[in-house]
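**Student:** Okay, structure incoming, though there's no sequence with it:
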C-alpha cells in the first residue's frame, strides 16, 4: 500500500471523525453540565438533517439557500427541543437518573416515528450547493471540496464552543453550575436558565451537525438511533463532558473506521467498540475524565 | 397477606394451565412470548429494582443466550438438552465478565458501561459473518419432537418460568437478597458493617445474566431463529421500560409490565406502522405520572399508605449526579 493511499484514507477518516465530533459535541456539553445521558441527541441530529433537507429543497438548492438553511434549520430544531427541556425535562433533574434516561429515550423514539410520518420511509438526499460541486486535488486524487468545508466547520464549531465555555461570563456561570448546582444557585444565579441555555446550545450543535451532513448522503429515520450510539461511544472514550477529549475521541473513531475498512472491512464498526471496551477496562472514566470509582 | 398471595398465585396458575385449551393458536404463541419476555424483565429487575443499578445493556445476555443455543445446535450439532443448559451458563459467564468491570460504578456511569459492553457484543454478532452469520441471523434451528407445536412448547416455557420465578423469589427473600436491597438503600453503611458490597453486586449481576440468557434461548427456540438485534441497545432500553412500567418495587411488577407492553406493541402494530410513536408517548406519560409503575400505584392504593412511595421509587441513593 502506497503512502498516498494511506494519506487518502487518513483524510477520509478525518471527515468521518468530524461528523462524529459534530454528533457528540452537543452531548458532551449536556452530559458535562446537566449530567444527563441524553439519548434524544441522536434524534436532534436526525431532525436537523431532515429539516435542512426541507429548507434546501425549498430554496431550490442554491448557494444562498444553503447558507440560509445553515442558519435557520439548526435554530428551529434547537428551539423546539429547548421548549421540550423547559416543559418536560426540568421536572426530572432532581429525580433518579433512570427516569431521565427513559424520558430521553422516549423522546428519541417519538422523534424517530415523527420523521417517518413527515418525511416518509424513502432515503432522502439534500441537494449539494453548486459551489461545492468541485473537488480539490490532493496527491493527484480528487477529494470532495465539501469534505474540506466540513472539516473546517468542525474545527470552527469546536473553537466556538471552547471560546463560549472558557472565555465568556456565561461559560463561567455554566462551569460553576456544572460543578455545584446548589452553591451556584445560592449565589443568586438562575441555574435552570443556565441549564436551558446549555441544553439549547447542545441541541443546536447536534442539529447543525445534521444540517451539515444532509447534502453528503442518504438520510433515513434510523440515522438518529445509530448517531446516538456513536455520540455515546465518543463521549465515553473522551471522558464525560470533556470537549477536547470529544474531538480527539471522534478522530480516533474516524481513523479506526477508515483504516479498519482497509484491514477487515466486515468488522470496521466492531473495531470502534473494541476501542471503547479497551478504554472502559483500562480507564472507565475515559481518556480525559475524572475517576468515579466507588468502592 | 400470605394466604391471599397464595390464593391469587393458584388462580393465575390454574388460568394459565388451562389457557391453551380454549385459546386460539395465535394467542398461545403470544402468551409464550410474553412468558419469555417476562422472565427477561424479571432477570433485569434483580439488578435494576433490587440492586438499584440502571443496566442499559441487559439485552446482551439475552442475545448471548440465544446465540449460544443456536450455534451449539446448528454448528456443533449438540443435542438440545446440552445447548439449553449451556446457554444460561454462557450468558452468566458474560455477565460475570461485564459485571466485574461495571458493578463498581453506580447511576449513569453504570448505565453507560453496561451499554458499551453490550454494544460490543452486538457489533460482533452483527458484523462477524464468518462466525455468527452477521445480520442474516441464524435460522432453521431444530426443536426436539416433544416440543414441536405451540402447545407443548407453551407448557415447557410455563414450567421453566414458574421454576425461575420460584428461584428468584427464594433468592430475593434470602439474606443475600436482603443484602442487595440494603446496598441499594445505603452502600456506605453496608460497607461499614463489614460486608463486601462489590462481591454481592457482582454475584447478583451474574445471576441476572443467567436468567436473561435462559430467556434468550427460549425465545430463539420459539422463533427458530436468532438475529443480532436481540442485543441492540433499543432492546435493553425496552426491557428497562417494562420493569419501570410494571413497577420495580413489586415482585410481579416486571411481569405485568412485560405483558402490557408486549400486548400493546402487538395490537398497536396492527393499526399503524408508527407504534414507536405511541410507545414513546407512553414512556413520557409514564415517567411523569406513574413513577412507581402500575403495580406500585395499585399497591399504594390498596395499602392506602403514603410511606410505600419511598420504597417503590427505589434507589434514591444511586441516582445522584
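**Tutor:** Okay, I see it. This structure is a prediction, so every number in the text was calculated from the model and none was measured.
**Student:** Find the nearest non-adjacent residue to residue 280, please.
**Tutor:** Picking chain A for this. residue B:116 (5.3 Å; CB to CB, 6 or more residues apart in numbering or on different chains). (Glycine included, C-beta is placed from N, CA and C.)
**Student:** Chain B was what I was after
**Tutor:** Excluding the flanking residues, the one nearest residue B:280 by CB to CB, 6+ apart is residue A:110, at 3.4 Å.
**Student:** tell me which element the residue nearest to residue A:280 falls in.
**Tutor:** According to DSSP states H and E, residue B:116 maps onto helix B:107-127.
**Student:** Which strands and helices lie in contact with that helix?
**Tutor:** helix A:97-119, helix A:223-238, helix A:268-282, helix B:59-74, helix B:80-102, helix B:129-132, helix B:233-246 (3 or more CB pairs under 8 Å, 6 or more residues apart in numbering or on different chains; DSSP states H and E).
**Student:** In terms of mean pLDDT, which of the ones you listed ranks lowest?
**Tutor:** Note on the helices and strands packed on helix B:107-127: helix B:129-132 shows the lowest mean pLDDT, a mean of 76.
**Student:** Please identify the buried residues of that one?
**Tutor:** Using 16 or more other CB atoms under 10 Å in any protein chain shown as the burial criterion, the residues of helix B:129-132 that qualify are residue B:132.
**Student:** contacting residues around it?
**Tutor:** The contact list for helix B:129-132, computed with CB atoms under 8 Å, 6 or more residues apart in numbering or on different chains, reads A:266, B:67, B:71, B:124-125, B:136, B:138, B:228.
**Student:** same deal with stretch B:189-206?
**Tutor:** Against stretch B:189-206 from outside (CB under 8 Å, 6+ apart): A:295, B:46-47, B:50-51, B:53, B:55, B:92, B:95-96, B:98-100, B:102-104, B:176, B:179-180, B:182-183, B:187.
**Student:** same question, stretch A:64-84
**Tutor:** A:40, A:44, A:47-48, A:51-52, A:54-56, A:58-59, A:107, A:129, A:131, A:196, A:199-201, A:203-205, A:207-208, A:210-212, A:215.
**Student:** so how far is that stretch off the chain centroid?
**Tutor:** Offset of stretch A:64-84 from its chain centre (CA atoms, centre = their mean, to the nearest Å): 15 Å.
**Student:** Give the buried residues for that stretch.
**Tutor:** A:65-66, A:69-70, A:72-78, A:81-82, A:84.
**Student:** In JSON lines: the residues you listed, plus secondary structure and pLDDT.
**Tutor:** Formatted as JSON lines, the buried residues of stretch A:64-84 follow (DSSP: H, G, I helix; E, B strand; the rest coil; pLDDT from 0 to 100):
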{"residue": "A:65", "secondary structure": "helix", "pLDDT": "88"}
{"residue": "A:66", "secondary structure": "helix", "pLDDT": "89"}
{"residue": "A:69", "secondary structure": "helix", "pLDDT": "89"}
{"residue": "A:70", "secondary structure": "helix", "pLDDT": "89"}
{"residue": "A:72", "secondary structure": "helix", "pLDDT": "91"}
{"residue": "A:73", "secondary structure": "helix", "pLDDT": "92"}
{"residue": "A:74", "secondary structure": "helix", "pLDDT": "93"}
{"residue": "A:75", "secondary structure": "helix", "pLDDT": "93"}
{"residue": "A:76", "secondary structure": "helix", "pLDDT": "94"}
{"residue": "A:77", "secondary structure": "helix", "pLDDT": "93"}
{"residue": "A:78", "secondary structure": "helix", "pLDDT": "93"}
{"residue": "A:81", "secondary structure": "helix", "pLDDT": "92"}
{"residue": "A:82", "secondary structure": "helix", "pLDDT": "92"}
{"residue": "A:84", "secondary structure": "helix", "pLDDT": "89"}
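**Student:** ok, so of those, who is nearest chain B?
**Tutor:** residue A:84 (9.7 Å; CB to the nearest CB).
**Student:** Which parts of the stretch 1-150 of chain A are helices?
**Tutor:** A:3-34, A:41-58, A:63-87, A:97-119, A:145-167 (DSSP state H, counting those that start in this stretch).
**Student:** For residue B:215, find the nearest of the ones you listed.
**Tutor:** Nearest to residue B:215, of all the helices of the stretch 1-150 of chain A, is helix A:97-119, at 21.1 Å by CB to CB.
**Student:** now for the closest one, which elements pack on it?
**Tutor:** Looks like helix A:97-119 contacts helix A:41-58, helix A:223-238, helix B:107-127, helix B:233-246, helix B:275-289 (3+ CB pairs under 8 Å, 6+ apart).
**Student:** Turn the contacts of helix B:129-132 into JSON lines, including neighbour count and distance to residue A:191.
**Tutor:** Listed next are these as JSON lines, based on neighbours: other CB atoms under 10 Å in any protein chain shown; distance: CB to CB, whole Å:
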{"residue": "A:266", "neighbour count": "14", "distance to residue A:191": "48"}
{"residue": "B:67", "neighbour count": "30", "distance to residue A:191": "47"}
{"residue": "B:71", "neighbour count": "21", "distance to residue A:191": "52"}
{"residue": "B:124", "neighbour count": "21", "distance to residue A:191": "43"}
{"residue": "B:125", "neighbour count": "28", "distance to residue A:191": "43"}
{"residue": "B:136", "neighbour count": "11", "distance to residue A:191": "51"}
{"residue": "B:138", "neighbour count": "21", "distance to residue A:191": "52"}
{"residue": "B:228", "neighbour count": "23", "distance to residue A:191": "43"}
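**Student:** Closest to residue B:285 out of these?
**Tutor:** Among those, residue B:228 lies closest to residue B:285 (CB to CB), at 31.2 Å.
**Student:** which stretches of the chain have low pLDDT?
**Tutor:** As the question left the chain open, I've gone with chain A. Chain A contains residues with pLDDT under 70 at A:1, A:292-295.
**Student:** try chain B instead
**Tutor:** B:1-2, B:304-321.
**Student:** Please name the residues that touch the residue lying closest to residue A:223 once chain neighbours are set aside.
**Tutor:** In this structure, residue A:223 finds its nearest non-sequential neighbour in residue A:46, 5.2 Å apart by CB to CB, 6+ apart. Residues in contact with residue A:46 (CB under 8 Å, 6+ apart) are A:111-112, A:115, A:210, A:219, A:221, A:223-224, A:227.
**Student:** Any of these buried? List them.
**Tutor:** For the contacts of residue A:46, buried by 16+ other CB under 10 Å: A:111-112, A:115, A:210, A:219, A:221, A:223-224, A:227.
**Student:** any idea which of those is closest to chain B?
**Tutor:** residue A:112 (5.9 Å).
**Student:** hang on, that closest one packs against residue A:220?
**Tutor:** No - using CB atoms under 8 Å as the test, residue A:112 is too far from residue A:220 to be in contact (10.0 Å).
**Student:** Tell me who's in contact with residue 47.
**Tutor:** No chain specified, so I'll use chain A. Here residue A:47 is in contact with A:77, A:80, A:111, A:114-115, A:207, A:210, A:224 (CB under 8 Å, 6+ apart).
**Student:** wait, I meant chain B there
**Tutor:** Here residue B:47 is in contact with B:53, B:55, B:58, B:204-205, B:208 (CB under 8 Å, 6+ apart).
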